[in-house]
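**Student:** structure for this input, please:
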Amino acid sequence: MTKTTKTEAVLWSIALPGFGQILNGHLVKGLVFIFLEILINVKSNFNLGIIESFQGNIEGAGQVLNLQWLLFYPCIYMFAVYDAYKFGQGPSRKLIFIPFAFGAYFVTLGLIFASKAVFFGVQPGPVFFPMLMLLPGFALGFFILKITEWWMNRKKATS
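**Tutor:** Now for the predicted structure:
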């Protein structure tokens, strides 16, 4: 079976965790990610929270969401995206998990602090704030990845 490119696997995994794994030929792993996605989505009322957020009812989104279930979502989601990237076809970087891990961590922090976050006088809420937190999480993760790769290459060059 021909593997998909890393970009294709990541984009399909972003659409629905598990699709990237299925495209990479990892059927069981893909079905597990799809099952977990559906389970967490249903138990956390995530779709209802998204609808409320997009309709501008930030307080209503916070009321319908079950944060105890939703806190599982960032780690499962980002691990599925990372896993799809890792097993996609193309060159790979040894420590590429770092930005994905920081992305998951920052989204989780975004969920935890969403009720207190305010940007320019607007409260983004429990759906939009975690999404915004992905950007600094990835940025910090890529920064740490670059420093780590530089350090490792520096040590190899001096050996």
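
**Student:** mind checking the SS state of R93?
**Tutor:** Assigned by DSSP: H, G, I helix; E, B strand; the rest coil, the conformation of R93 is coil.

**Student:** quick one: it from K146, how far?
**Tutor:** R93 sits 10 Å away from K146, going by C-beta to C-beta, to the nearest Å. Placement of C-beta: from N, CA and C, glycine included.

**Student:** over to C75?
**Tutor:** 23 Å.

**Student:** the two: which is more packed in?
**Tutor:** Legend: neighbour count by other C-beta atoms under 10 Å for C75 and K146, higher for C75 (16 against 13).

**Student:** packing partners of the helix or strand harbouring the more buried one?
**Tutor:** Under the criterion DSSP states H and E, the helix or strand holding C75 is helix 73-87. If you count contacts as 3 or more C-beta pairs under 8 Å, 6 or more residues apart in numbering; DSSP states H and E, helix 73-87 packs onto helix 6-15, helix 19-23, helix 27-44, helix 97-113.

**Student:** buried deepest among those, which one?
**Tutor:** helix 19-23 (a mean of 24; mean count of other C-beta atoms under 10 Å).

**Student:** contacts for that helix?
**Tutor:** The contact list for helix 19-23 (C-beta atoms under 8 Å, 6 or more residues apart in numbering) reads 3-4, 8-13, 27, 29-31, 33-34, 80-81, 83-85, 87-88.

**Student:** chain center to it: distance?
**Tutor:** Relative to the centre of its chain, helix 19-23 is centred 16 Å away, using C-alpha atoms, centre = their mean, to the nearest Å.

**Student:** next, the angle helix 73-87 makes with the longest helix belonging to the chain.
**Tutor:** Under DSSP state H, the helix in the chain containing the largest number of residues is helix 125-158. Between helix 125-158 and helix 73-87, the angle comes out at 40 degrees (axes from the mean of the first three to the mean of the last three C-alpha atoms, to 10 degrees).

**Student:** what is the mean pLDDT for helix 125-158?
**Tutor:** For helix 125-158, the mean pLDDT works out to 92.

**Student:** and the contacts of stretch 81-94?
**Tutor:** Identification of contacts with stretch 81-94 by C-beta under 8 Å, 6+ apart yields 2-10, 12-14, 17, 19-21, 23-24, 26, 29, 33, 96-97, 100-101, 145, 149.
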